[in-house]
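Participant: Structure of the sequence below:
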Amino acid sequence: MGRFLSPLVVRRVGQRLVPEFDQPVAIPDLAVTMTNGRAVLRVDGVMVGDPGTVTGKYVAPDGLTSDPALATDIRGAAGQNVKGDAGNPAWTPMLAIESDGAARYLKVTDWAGGVGTKPATGYVGSAGITTKANAPNLNAAKRFGIFNAMSNASGIATISFGTMFSEVTSAPNIGFWAIPATAVGALRVTQVAGTLAKTGVQIKVEAPNILSGVLNLLVGATVFVIAIEQ
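Facilitator: Numbering: from 1, shown residues only. Sure, this is the predicted structure:
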């Protein structure tokens, strides 16, 4: 069983405050490192005390080990989802225009590039995948286009529709998705409230932190928006 030690004083070492004790104590300097797809803690040295033989070892359930395969994966057990919104990482929709008499519908026929169970296929509506009865008709009387932009340091992509909808009376119906530059897990893609207009819209992209699961703003993701005249 461990024991509590009360420091006599605290002194500054570089940018750190390091306690000093009345008996020999080694305080490890830990670093997170990736090994075989696992995030583990490695002892890179000691802040105070005798480094002994602990440097370079890994933190395991029973103490320190020289074998990183025995170290504790601080992200949890294999296959365990990180915290955050559920979703399928890095799925890309395969789109096609389906004809039904004079009507035209945009349909997701398949998904590619993802991991796990594929999302559902169906027709593209203003709120996502829907049935043909609820999908907008992309006939010749309606203007539509697919636009894209990259998310900035605030995780926001500013999509411009140009002058496509300048002659209509209201903002278009939209659907949107995002593709990260690298696979980062489940994405949360949302419309920035109050930004949809005839000239464009802003979309925010977030992804869970690999260690904490907390949603962070995602920079450099490519955001796609399909805009359809109402």
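Participant: Could you use CA atoms for every contact and neighbour count after this?
Facilitator: Will do.
Participant: Let me know the pLDDT of residue 89.
Facilitator: Note on residue 89: pLDDT of 63.
Participant: let me redo that: residue 133
Facilitator: pLDDT at residue 133 comes out at 85.
Participant: swap in residue 139?
Facilitator: At residue 139, the pLDDT recorded in the model is 74.
Participant: The one 5 residues further on now?
Facilitator: pLDDT, the model's per-residue confidence, is 85 for residue 144.
Participant: how near is it to residue 137?
Facilitator: Relative to residue 137, residue 144 is positioned 10 Å away (Cα to Cα, to the nearest Å).
Participant: Let me know whether residue 215 touches residue 207 as I believe.
Facilitator: Yes. Using Cα atoms under 8 Å, residue 215 makes contact with residue 207 at a distance of 5.2 Å.
Participant: Which of these two has more residues huddled nearby?
Facilitator: Neighbours per residue, other Cα atoms under 10 Å: of residue 215 and residue 207, the larger number sits with residue 207, 23 against 18.
Participant: Phi first, then psi, for that one.
Facilitator: For residue 207, the backbone dihedrals (degrees, to the nearest 10) come out as phi -140, psi 150.
Participant: OK, contacts around it?
Facilitator: 184-188, 215-218 (Cα atoms under 8 Å, 6 or more residues apart in numbering).
Participant: Now, of these, which are buried?
Facilitator: The neighbour count (16 or more other Cα atoms under 10 Å) marks 185-188, 215, 217-218 as buried among these.
Participant: From residue 104, how far out is the spatially most central residue of the chain?
Facilitator: In the chain, the C-alpha nearest the mean C-alpha coordinate belongs to residue 207, at 2.0 Å (Cα atoms, centre = their mean). Residue 207 sits 34 Å away from residue 104, going by Cα to Cα.
Participant: Ok, residue 181 next?
Facilitator: Counting by Cα to Cα - residue 181 and residue 104 are separated by 32 Å.
Participant: which stretches of this structure have low pLDDT?
Facilitator: 1-26, 47-52, 76-89, 101-102, 140-141, 183 (pLDDT under 70).
Participant: contact partners of the strand or helix carrying residue 227?
Facilitator: Per DSSP states H and E: residue 227 is located in strand 222-228. Around strand 222-228, the neighbours that count as contacts under Cα under 8 Å, 6+ apart are 136, 138, 142-151, 157, 159, 172-181, 203.
Participant: What's the local residue count around residue 224?
Facilitator: Residue 224: 19 neighbours (other Cα under 10 Å).
Participant: Excluding chain neighbours, what is closest to it?
Facilitator: In space, and not counting its chain neighbours, residue 224 is closest to residue 148: 4.4 Å by Cα to Cα, 6 or more residues apart in numbering.
Participant: again, but for residue 204
Facilitator: residue 156 (4.3 Å).
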